[in-house]
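Colleague: fold the stuff below for me.
(one chain, ligands or ions: 1)
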Amino acid sequence: MKEFYQQSKEEIRKLLNGSIHPLSDEQVKEHQKKYGMNELVEGTKKSTVQIFLEQYKDFLVIILILAAIISGFLGDVESTLVIVIVITINAILGTVQTVKAEQSLEGLKKLSSPMAKVMRNGQIMEVASREVTVGDEVILEAGDQIPADGRILECASMKVDESALTGESLAVEKEDILLDETVPLGDQKNMVFSGSFVTYGRGSFLVTSVGMETEVGKIAAMLKTTSEKRTPLQINLDQFGQKLSIIIMVFCAALFAINVWQGKPAGDAFMFAVALAVAAIPEALSSIVTIVLSFGTRKMAKEGAIIRKLQAVEGLGSVSVICSDKTGTLTQNKMTVEQCYVEKKCYDADVLTKENEAQKQLMIAGILCSDAKVVEGQEFGDPTETALIHAGNRMSMDAEEIREHFPRISEVPFDSDRKLMSTLHDLESGRTMLTKGAVDVLLDRTDMIQENGKIRTMTNQDRKDIERQNQEFSANGLRVLAFAYKKMDGVKEINVDDEKNYVFLGLISMMDPPRKESKMAVEECIKAGMKPIMITGDHKVTAAAIAKRIGILKKPEEACEGMEIDGLSDEELKDFVEGISVYARVSPEHKIRIVRAWQEKGNIVAMTGDGVNDAPALKQADIGVAMGITGTEVAKDASSMVLTDDNFATIIKAVENGRNVYENIKHAIQFLLSGNFGGILAVLYASIMALPVPFAPVHLLFINLLTDSLPAIALGLEPHTKAVMERKPRPMNESILTKDFLIRIGLEGFVIAAMTMIAYTIGLKTGNTILAQTMAFATLCTSRLVHGYNSKSNAPVIFTKRFFNNIYLAGAFILGLVLITGVVMIPNLHTMFKVQTLTFCQLMIVYGLAFLNLPIIQCLKAIMKKAAGN
Ligand code: ATP
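Modeller: This is a model prediction of the structure:
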């Protein structure tokens, strides 16, 4: 059988669709059923049961199971039962958390899944790439990711990067030709393949295979693995957790040896050592990070920032430089034509008329040399071009009619490196190439000018006049396009080399107002210790005018042109970037150099981008931010965050979220470690003082389950505060375990241990060991619940509204209090939990001591805050 690339378009259409027409909705459904959805089957996903079973893989849980078996053999059935219950509840909680976190990340993935434009029922529509099916006609333009394999139907200078598939880094030019011989993949010029992307031009193709049947699918089938990526913080905490576990294990082993040496039964000593290990090792550390990160990303998605790489959430908190595009990110990307300059005169847009031949000619050029459409008020395409269509409408010039009358014969598409676009038409005056683009670029290629319908050589004075007019428009923040033409008799196809020796037609200036939230966002960005930088393809004067309005540019000398950095070495550039906040006429290569220079100075850089050429800079930046609306699929693919509203202010909100998420994780960890440390200190004290062991193993297990997980997660979900934006960005390589952090853990742990030991001593002095243990257990447990409130902030919060703002923490606190009170007050539970009923007075002592943690630790926080001088 002939391969698809050896068949004609019609043959393939008939073969796949039964006719030469595009697919109907029913056929789409039929095909999706027949060929499957267009997705690569990832390594088999874990089922909930598997996740549940995985909870038992934990080293500590294995020790606990061992302990349960040993205590069963020793006849302590209650302990066995308690341990089994505890580890089962633990496993259930762990499963719920993991599944929830996975679901939320999965949801996020869907939000940022790639899209494709297809022709169905005679209409172009945008669908998720996974819905593209065999027989679909897919429309392609520069920046699109190719969603499936297929045969080219139409092609206008289309170049495709197939490096992911063939390893060939140069883009391949595609052609609508018929191939007879057998050729390798790289030479199948009439085919496109899933996973590659369009770097230039336009075209369409007919899908011949989807999902695992595509060439990339066949490779994917060979390497079916899904690797789970961990964030730097998770890796950091895993390593810390491992080290800490070893230390605690050694400590517990020593304690076991001492107890046995002191004559305690080996079984009891073992159980105690195990329980202490479980209570002391913060095994929840890294899972808390996952949960908090996944909740954080959900909040960010709601606010317009979709996180594609989890690391970005942490990274956002350290961003110190934000490089942003101008058009659409800082401005609204709603262009309106304001003024025109034609035949050496300037006109307001509302006085333009088609009765004036020169004005009409300029507008015809605007309409023909653009791809945008306005259908029933709805705009499709680049706003710079839709502005031209609207301006034409205001002159009663119908774009579609004009385009039908003078069809496009050939074209050289716009790209932000060249900053020009050209099209070829048969006008009334003959075959003509029309070009529009940046004034400086076009003027350099122009040597004639049209005046009073006559063409003459352009004089220096003409050039100066045009430049002066351009400056005037730009100084008002207007975006300016220049228009020119060239006679091309007999030419069928145009290319970049033809873009010279033009006849100048005129200028059109348009307004793109700044977004109203940009100014505030820039202010907030600066206050939060970050440097906002505008990087734009637009004219320097236009960019500077807008940058000044929104507060990015303070002094005129802070603006420069991309060209200026061409002559600088990387070393010189490092010094140069310091004084610049606006880069104009920048090409995508400049973007990478600017990002690198800032990074080499030790900064964490966020960079926005939308085009194909922006992908390398997005990858180079620490946080690549792609535009969700105007961004190409390629840019999105290279980024770690996508803005659904293309708005600069959303980046600042995302930074705020990132900082808050990190802060909350830190508080949750501080809570866990200080509580654990409190427990260890209490045991250590009793050992040193040769007192009876203060806790039965079951107590520590109970505390571990109750006071470790729930309040810690609740702290991770603490409502966000604006205060984080009043600080400087956190250094990226700063360990979470700073000296200040460890001092706090030590002090808070000490206070908790002291309260617990006071209760213990009262119990010992007024009753027996069981009473002392009951009081110590209840006090440690309640203290840690109360300590949840201490851990909300490093600053005292006791007299602020913030104290009551976390309902999850309140829930965890109330639930914990009810449980611990139930355990010590319900006689039926006493044998199982090895406690005795407390009198009202004893219970009040327990509560009183536990609650005393609050004022003491709050005072400590106030003192530390004062000492730090903030
Ligand atoms: P930013 O990089 O902030 O998004 P930008 O949109 O102005 O800025 P480009 O799209 O690279 O950057 O445009 C650079 C220049 O190219 C513009 O100043 C304009 O003169 C010209 N230009 C923009 N769009 C078109 C177009 N569709 N056709 C021809 N020229 C264009």
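Colleague: I'd say Ala559 and Ala545 touch.
Modeller: No - with contact taken as CB atoms under 8 Å, Ala559 and Ala545 are classed as non-touching, separated by 9.7 Å. Quick note: C-beta positions are derived from backbone N, CA and C, even for glycine.
Colleague: now the residue of the chain found nearest the ligand: how far from Arg298?
Modeller: In the chain, no residue comes nearer to the ligand than Gly537, which is 2.4 Å away by CB to the nearest ligand atom. Between Gly537 and Arg298 the computed distance is 34 Å (CB to CB, to the nearest Å).
Colleague: which of the two has more neighbours?
Modeller: It is Gly537, of Gly537 and Arg298, that has more neighbours when counted by other CB atoms under 10 Å, with 21 against 17.
Colleague: model confidence for that one, exactly?
Modeller: If you check Gly537, the pLDDT there is 88.
Colleague: repeat for Arg585
Modeller: Each residue has a pLDDT score; the one for Arg585 is 89.
Colleague: contacting residues for it?
Modeller: The contact partners of Arg585, by CB atoms under 8 Å, 6 or more residues apart in numbering, come to 419, 438, 440, 536-540, 561-563.
Colleague: and Ala850, that one's in a helix?
Modeller: Yes - residue state for Ala850 (DSSP: H, G, I helix; E, B strand; the rest coil) corresponds to a helix.
Colleague: can you put the contacts of Arg585 in TSV and add secondary structure and distance to Ile623?
Modeller: What follows is the contacts of Arg585, written out as TSV (DSSP: H, G, I helix; E, B strand; the rest coil; distance: CB to CB, whole Å):
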residue	secondary structure	distance to Ile623
Lys419	coil	27
Ala438	coil	29
Asp440	helix	32
Thr536	coil	19
Gly537	coil	21
Asp538	coil	23
His539	coil	28
Lys540	helix	27
Glu561	strand	26
Gly562	helix	22
Met563	helix	27
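Colleague: list just the nearest of those residues to Lys264.
Modeller: Using CB to CB, the shortest approach to Lys264 within the contacts of Arg585 belongs to Thr536, at 74.8 Å.
Colleague: hang on, that closest one packs against Val586?
Modeller: Yes - Thr536 sits in contact with Val586 when judged by CB under 8 Å, with a separation of 6.5 Å.
Colleague: for the stretch 401-550 of the chain, which residues are neighbours of the ligand?
Modeller: Proximity of the stretch 401-550 of the chain to the ligand is confined to 414, 416, 419, 421, 436-438, 479, 481, 536-539 under the rule CB under 6 Å from any ligand atom.
Colleague: possible to save these as JSON lines with distance to His405?
Modeller: Written out in JSON lines, the entries for these read as follows (distance: CB to CB, whole Å):
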{"residue": "Phe414", "distance to His405": "23"}
{"residue": "Ser416", "distance to His405": "30"}
{"residue": "Lys419", "distance to His405": "28"}
{"residue": "Met421", "distance to His405": "20"}
{"residue": "Lys436", "distance to His405": "19"}
{"residue": "Gly437", "distance to His405": "24"}
{"residue": "Ala438", "distance to His405": "28"}
{"residue": "Arg479", "distance to His405": "28"}
{"residue": "Leu481", "distance to His405": "22"}
{"residue": "Thr536", "distance to His405": "36"}
{"residue": "Gly537", "distance to His405": "32"}
{"residue": "Asp538", "distance to His405": "32"}
{"residue": "His539", "distance to His405": "33"}
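Colleague: any quick ChimeraX command for the buried ones out of those?
Modeller: This is the ChimeraX syntax for the buried subset of these, where burial follows 16 or more other CB atoms under 10 Å:
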select :414,416,419,421,436,437,438,479,481,536,537,538,539
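Colleague: which element is Ala862 on?
Modeller: With elements delineated by DSSP states H and E, Ala862 resides in helix 840-868, which encompasses its position.
Colleague: that helix: how far from the chain's middle?
Modeller: 40 Å (CA atoms, centre = their mean, to the nearest Å).
Colleague: swap in stretch 537-557?
Modeller: Between the centre of stretch 537-557 and the centre of its chain there are 28 Å (CA atoms, centre = their mean).
Colleague: ok, and what's touching that stretch?
Modeller: Residues outside stretch 537-557 that contact it (CB under 8 Å, 6+ apart): 326-327, 330-331, 416, 419, 438-440, 470-471, 473-480, 512, 514, 518-519, 522-523, 526, 532-534, 536, 559-561, 579, 581-582, 584-587.
Colleague: check which residues of stretch 243-261 are buried.
Modeller: 244-245, 248-249, 251-252, 255-256, 259.
Colleague: gap between the residue of the chain closest to the ligand and Leu206?
Modeller: When CB to CB is the yardstick, Gly537 and Leu206 sit 35 Å from each other.
Colleague: any common contacting residues for Ala559 and Ala545?
Modeller: Overlap between the neighbourhoods of Ala559 and Ala545 is empty, taking contacts as CB under 8 Å, 6+ apart.
Colleague: give me the buried entries from the contacts of stretch 537-557.
Modeller: Using 16+ other CB under 10 Å as the threshold, 326-327, 330-331, 416, 419, 438-440, 470-471, 473-474, 477-480, 512, 514, 518-519, 522, 532-534, 536, 559-561, 581-582, 584-587 are the buried ones among these.
Colleague: picking that back up, determine which two of the buried residues of stretch 243-261 are furthest apart.
Modeller: Leu244 and Asn259 (22.1 Å).
Colleague: so which residues of the stretch 351-500 of the chain form helices?
Modeller: Read by DSSP state H, counting those that start in this stretch, the stretch 351-500 of the chain holds these helices, from start to end of the chain: 357-368, 383-394, 399-405, 439-444, 460-475.
Colleague: quick one: low-confidence ranges for the stretch 251-400 of the chain?
Modeller: Low-confidence segments of the stretch 251-400 of the chain, defined by pLDDT under 70: 275, 279, 283-284, 286.
Colleague: which parts of it sit against the ligand?
Modeller: Taking CB under 6 Å from any ligand atom as the contact definition, the stretch 251-400 of the chain meets the ligand at 325-327, 382, 384-385.
Colleague: mind putting the residues you listed in CSV, distance to Met397 included?
Modeller: Putting these into CSV (distance: CB to CB, whole Å) gives the following:
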residue, distance to Met397
Asp325, 31
Lys326, 29
Thr327, 25
Asp382, 19
Thr384, 18
Glu385, 14
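Colleague: residues touching the closest residue to Ile857 other than its chain neighbours, list them.
Modeller: Leaving out its chain neighbours, the residue that sits closest to Ile857 by CB to CB, 6 or more residues apart in numbering is Asn790, at 4.4 Å. By CB under 8 Å, 6+ apart, the contact list for Asn790 reads 748, 853-854, 857-858, 861.
Colleague: follow-up on the earlier one: in strands only, show me the buried ones among the contacts of stretch 537-557.
Modeller: When strands are assigned by DSSP state E, the members of the buried ones among the contacts of stretch 537-557 inside them are 479-480, 532-534, 559-561, 582, 584.
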